[in-house]
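Visitor: what shape does this take:
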Amino acid sequence: MAHYLYWWGDCLEPADAFEMYRIAHKYVINGLRSAALRHIAKWISKSSVLEDLRTREEITLFPEIKEVYSNFCKAAYPHIPNDSDELIKDVLGLDMAQIRSLRGF
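Guide: Next up, the predicted model:
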């Protein structure tokens, strides 16, 4: 599903929320940073989280983004494959096996 931003009657494809966060962080544009972070949080999914952890350096560069991904992984732990535990630990510092055991999985 494509999302478009209408600008003066023309259709522009949306910008990458991670890039918008970088720009907002660099130039201290707090409203844009918050909006980008909300967009990132809204679009994390069980099918995209592992690829994001492998490819998005912003997750390790910006604590706010890392926290969003950490919270997602904690909440979605039953749906995240066990073979991804090492990746999650390396990128986010979370021990998914411990989280599963504490919650009875």
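Visitor: residues touching the spatially closest residue to Asn30 that is not a sequence neighbour, list them.
Guide: Leaving out its chain neighbours, the residue that sits closest to Asn30 by Cβ to Cβ, 6 or more residues apart in numbering is Ala24, at 7.3 Å. C-beta: built from backbone N, CA, C; applies to glycine. By Cβ atoms under 8 Å, 6 or more residues apart in numbering, the contact list for Ala24 reads Asn30, Gly31, Leu32, Arg33, Ala36.
Visitor: need the contact list for the third one.
Guide: I take that to be Leu32. Contacts of Leu32 (Cβ under 8 Å, 6+ apart): Met20, Ile23, Ala24.
Visitor: how about the fourth one?
Guide: For Arg33, the residues meeting the contact criterion (Cβ under 8 Å, 6+ apart) are Tyr21, Ala24, His25, Glu64.
Visitor: remind me which residues of this protein are low pLDDT?
Guide: Applying pLDDT under 70 to the chain picks out residues 1-14, 105.
Visitor: picking that back up, checking the residue nearest to Asn30 next. Helix, strand or coil?
Guide: Put simply, Ala24 is helix when judged by DSSP: H, G, I helix; E, B strand; the rest coil.
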